[in-house]
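[1] need a 3D model of the following:
(2 chains)
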Amino acid sequence: MMLQCREAARQVSKGLDAPLPLKERLSLAFHLWLCPRCTEYQRQLLALRAMLGEELEKLLHPSGDSDDSLTAKEKEYLLQPLTRSGG
Amino acid sequence: MVPTMDNQESSSSAPQITPAGAIVAEADIERWATEYADALFRYAMSRVGNREVALELVQETFLAVVKGAEFNGRSSPKTWLIGILRHKIVDHFRRVARSPDSPVADPEAELFAENGQWLAPPGAWPFDPSRALDRKQFRKALQLCLQGLQAKRASIFVLREMEGLSTEELCKEFETTTTNVWVILHRARLALRACLERSGFVHGKELG
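    Predicted coordinates:
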């Protein structure tokens, strides 16, 4: 029986976390071949994953456009308990 | 897809005092805290999306160093500190996921018709990751959408996609089954994509 989109979406997701068994892989491939909607869903999940990976890139090479810098006050709060003697 | 950061150059100007396998010298702690606090904070922010929580996690990281975590010397101090922070982040999400949640709808029921078809088919994604502005807006939308997810779904999704934990590791951390982890990740992805679409990052336009 032809896979439904609901089931195909489950398998698309599962395929991002584990290698699918051969039978599931084939039925999913066949569904995706026929279904632009689920193909787009898969493409977006992969794009999302790639972008989340690039977040990490960005943190390692900050370009200075981030709002996520510590304020002077936050930095002070952070540093204040960090001396063993002052502990 | 566990991120590796070992190629990262250390930007330290002063020489490092602490040898490998030793607890970190006080002078190094203060210098590393000054030098890497922002990087660690951004890392935490991108995962937890909340300034107070991120600040606490960074502080816990440095406190672990003060309490005598041994510097392994196999990586740069920054990489080593991020390694400690990652453990703090996993702990945080485990705590969050344990807190009782109000029951949340299954996104499958909202997004699919009875016959298993998409109700609103996923449309084209107009987001251009090469544009800095888009990227910044995307991060904002992503943080909001993650905060809107059920806590357990968001926790497991972030640890999977951003920290690269495997299904097996997630089962262990959250004391649950593989199948359950897959179901949670699937629901998180469906709900997150739908939320990003509502934020304007994907058009719900009809395909074919």
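
[2] every contact and neighbour count from this point should use C-alpha atoms.
    Will do.

[3] quick one: residues contacting B:Leu149.
    Counting by Cα atoms under 8 Å, 6 or more residues apart in numbering or on different chains, B:Leu149 makes contact with B:188, B:191-192.

[4] can you do 10 Å?
    B:104, B:155, B:157, B:187-189, B:191-192, B:195 (Cα atoms under 10 Å, 6 or more residues apart in numbering or on different chains).

[5] could you give the mean pLDDT of the helix ranked longest in chain A?
    Using DSSP state H, we find that the single longest helix of chain A is helix A:36-60. What helix A:36-60 shows for mean pLDDT is 83.

[6] in it, what's buried?
    By 16 or more other Cα atoms under 10 Å in any protein chain shown, the buried positions in helix A:36-60 come out as A:36-42, A:44-45, A:48-49, A:51-53, A:55-56, A:59-60.

[7] so which of these are also by chain B?
    With Cα under 10 Å from any Cα of the partner chain as the criterion, those include A:36-42, A:44-45, A:48-49, A:51-53, A:55-56, A:59-60 near chain B.

[8] and the residue nearest the centre of chain B?
    B:Arg47 (3.1 Å; Cα atoms, centre = their mean).

[9] now the strand or helix carrying it, how far from the chain's geometric center?
    Using DSSP states H and E, B:Arg47 sits in helix B:26-48. Helix B:26-48 sits 16 Å away from the centroid of its parent chain (Cα atoms, centre = their mean, to the nearest Å).

[10] tilt between it and helix A:36-60?
    Angle of helix B:26-48 versus helix A:36-60, following axes from the mean of the first three to the mean of the last three Cα atoms, to 10 degrees, is 160 degrees.

[11] look up the closest residue to residue 20, ignoring the ones flanking it.
    In the absence of a named chain, this looks at chain A. A:Lys14 (7.4 Å; Cα to Cα, 6 or more residues apart in numbering or on different chains).

[12] I was after chain B.
    B:Gly73 is the one closest to B:Ala20 (Cα to Cα, 6+ apart), at 4.1 Å.
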